[in-house]
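J.: Below are the sequence and a predicted model for it; my questions follow.
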Amino acid sequence: MNIPEDILKYNLQNVYFLIGAACGGKTTMANAISKKYGYMHFNDNYHEENFANFQKICDERYKESPEYTESASYDWERHFNRPPEEYNKSLGKGYLEYFEYAIIEIIKFANKNVVVADINLLGLSCNLIKQIAPYNRIACLLASPGLVVKDYYERDDHRDIYEAIMRLKDPGKALKNMEDVTKQGTQKTIDEVKKSGLFYIMRDENSSVENTLNILERHFELIK
């Protein structure tokens, strides 16, 4: 971003960032913290009003994923069968622009509220995240690629993607390709987070909301 680091951190000092890849528990934990402490929850999910407002102003070239378009004329066959590297690169470009929009919105909210920002790390570098907030205001919530693949289409907010795939000529082929897309993107995020030195929690089959919440409260220094 082209805003000096000290200015960003000053304007975001009332913000706790929960970042990471899909199915790591970001939204669940943001909801838990927001409700417990009376904070505002900024959710970057594409079904949310924040994202809808962004789509009204963003460049057309960033409206090429199923999350961003409802066009019946869109080439869904091509979309869901793109090579994983190409697919993830395309999503990352659009998400970087949305992230800059989101930061502006979060700064507005943080002027009068303490905000828990639920942000997907897709396409963003950890160095960029480290420029906007101190260590104890950022937590990365992750899940293994296998667990993400297992849980991804079970979520209500991902059902539209699954239904779009099921309408293709060969949904089995597209699902397998999207599994590879998910595994590649998730592993890349995990590797980058581990190298960055940022605080992270890896969700597994035994993770609980209560235990994860307690870990986050201590990291964010909400409790001692």
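T.: Done, it's in.
J.: Now find how far off-centre stretch 185-196 is within its chain.
T.: Centroid separation between stretch 185-196 and its chain, computed with C-alpha atoms, centre = their mean, to the nearest Å, is 13 Å.
J.: what is the mean pLDDT for that stretch?
T.: The pLDDT scores in stretch 185-196 average 93.
J.: again, but for stretch 102-121
T.: Taken as a whole, stretch 102-121 has a mean pLDDT of 89.
J.: which outside residues touch that stretch?
T.: 1, 8, 11-22, 26-27, 30, 33-34, 37, 39-45, 50, 53-54, 95, 99, 129, 132, 140, 189, 192-193 (C-beta atoms under 8 Å, 6 or more residues apart in numbering). The C-beta positions use only the backbone N, C-alpha and C, and glycine is treated the same way.
J.: show me what contacts His158?
T.: For His158, the contact set (C-beta under 8 Å, 6+ apart) comprises Tyr152.
J.: hang on, it in a helix?
T.: Yes - His158: assigned to a helix according to DSSP: H, G, I helix; E, B strand; the rest coil.
J.: Can you find the helix or strand of the protein with the lowest average pLDDT?
T.: Lowest on mean pLDDT, DSSP states H and E among the helices and strands of the chain sits helix 49-55, with a mean of 57.
J.: Could you point out the helix or strand that follows that helix?
T.: Scanning forward in sequence from helix 49-55 by DSSP states H and E, the next helix or strand is helix 76-80.
J.: Now do the buried residues in that next one.
T.: Across helix 76-80, burial judged by 16 or more other C-beta atoms under 10 Å covers 76, 79-80.
J.: how far away is the residue nearest the centre of the chain from Arg137?
T.: The chain has Asn120 as the residue nearest its centroid, 1.4 Å off, counting by C-alpha atoms, centre = their mean. Distance of Asn120 to Arg137, given as C-beta to C-beta, to the nearest Å: 17 Å.
J.: got it, and Lys26?
T.: On the measure of C-beta to C-beta, Lys26 and Arg137 end up 15 Å apart.
J.: now swap in Thr189 and tell me
T.: 19 Å.
J.: Those two - which one has more neighbours?
T.: Thr189 (26 against 19; other C-beta atoms under 10 Å).
J.: Please determine how far the more buried one is located from Pro4.
T.: Distance of Thr189 to Pro4, computed by C-beta to C-beta: 27 Å.
J.: likewise Ala143?
T.: With distances taken as C-beta to C-beta, Ala143 is found 34 Å from Pro4.
J.: I figured Trp76 hits Ala164, correct?
T.: Yes - with contacts counted by C-beta atoms under 8 Å, Trp76 reaches Ala164, the gap being 6.0 Å.
J.: got the end-to-end distance for stretch 127-140?
T.: The straight-line separation of the ends of stretch 127-140 (C-alpha to C-alpha, to the nearest Å) is 13 Å.
J.: for stretch 195-212, same thing?
T.: 22 Å.
J.: Show me what counts as buried in that stretch.
T.: Here stretch 195-212 shows 196, 198-203, 207, 212 as buried, counting by 16+ other C-beta under 10 Å.
J.: would you list those residues in CSV and tack on distance to Lys169?
T.: Output for the buried residues of stretch 195-212, formatted as CSV (distance: C-beta to C-beta, whole Å):
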residue, distance to Lys169
Ser196, 41
Leu198, 42
Phe199, 45
Tyr200, 40
Ile201, 40
Met202, 37
Arg203, 35
Ser207, 38
Thr212, 41
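J.: Thank you kindly, that will do.
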